[in-house]
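A.B. asks: next comes the sequence, and after it the predicted model I'd like to discuss.
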Amino acid sequence: MDKASIVGDAVLYVQELQSQAKKLKSDIAGLEASLNTTVGYQDPALDAHKTQPFRGINPPVSKKIIQIDVIQVEDKGFYVRLICNKGEGVAPSLYKSLESLTSFQVQNSNLSSPSSDRYLLTYTLDGTCFEQSLNLPNLKLWITGSLLNQGFEFIKPFT
């Protein structure tokens, strides 16, 4: 089994886990809603909870990759263009994903907003410091993995 197929299997597994986590969160929300609407039941702990502002974990922001293109421009140079949704924490997550590609030198990057609900991130990577053989499919897997690690989901399969 080669490295690319192992990473590919790992990416599919992470996507499956994200799907299961989403389902569990929606189940929890449904149970909480039904608990709050139960007739005749007053839990004192719930009343105390209502008087204090909620300071727990913020609900997760949906981070969706709408389109991603990776183009090899030199022997070990690559241009990446991705479009994703806007939302709180999305831009920092994009750059954390980019920073996690430590085997590459980021030559430049640009984050713009072509519409009110989307971000466009473009960047070029230099892989000359990468000692192993480098090819486009492996780079796509690394980029996909770095985005999944930051909580992104892919609307369309990566091409």
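C.D. replies: Yep, it's here.
A.B. asks: output the below-cut-off pLDDT ranges for this structure.
C.D. replies: For the chain, the stretches flagged by pLDDT under 70 are 1, 34-61, 130-132, 157-159.
A.B. asks: helices along that one, start to end?
C.D. replies: For the chain, the helices defined by DSSP state H cover 3-36, 44-51, 90-99, 136-149.
A.B. asks: what comes up buried for the first one?
C.D. replies: So that's helix 3-36. Residues of helix 3-36 classed as buried: 7, 8, 11 (neighbour count, 16 or more other C-beta atoms under 10 Å). The C-beta positions use only the backbone N, C-alpha and C, and glycine is treated the same way.
A.B. asks: could you export those as JSON lines, including distance to residue 144?
C.D. replies: JSON lines is the format used below for the buried residues of helix 3-36 (distance: C-beta to C-beta, whole Å):
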{"residue": "7", "distance to residue 144": "8"}
{"residue": "8", "distance to residue 144": "9"}
{"residue": "11", "distance to residue 144": "5"}
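A.B. asks: so which of the residues you listed is the closest to residue 138?
C.D. replies: residue 7 (7.9 Å; C-beta to C-beta).
A.B. asks: next up, the contacts around the closest one.
C.D. replies: 138, 141, 142, 145 (C-beta atoms under 8 Å, 6 or more residues apart in numbering).
A.B. asks: any idea how far residue 24 is from residue 148?
C.D. replies: 18 Å (C-beta to C-beta, to the nearest Å).
A.B. asks: domains of this protein?
C.D. replies: 3-51, 64-154 (automatic domain parsing).
A.B. asks: just name the most buried of these.
C.D. replies: For the domains of the chain, the largest average neighbour count (mean count of other C-beta atoms under 10 Å) is found in domain 64-154, namely a mean of 15.
A.B. asks: endpoints of that one, how far apart?
C.D. replies: This stretch, domain 64-154, spans 6 Å end to end (C-alpha to C-alpha, to the nearest Å).
A.B. asks: distance from that domain to the middle of the chain?
C.D. replies: 11 Å (C-alpha atoms, centre = their mean, to the nearest Å).
A.B. asks: change the start of the numbering to 51 and stick with it
C.D. replies: Got it, the first residue is 51 from now on, which makes the last one we talked about domain 114-204.
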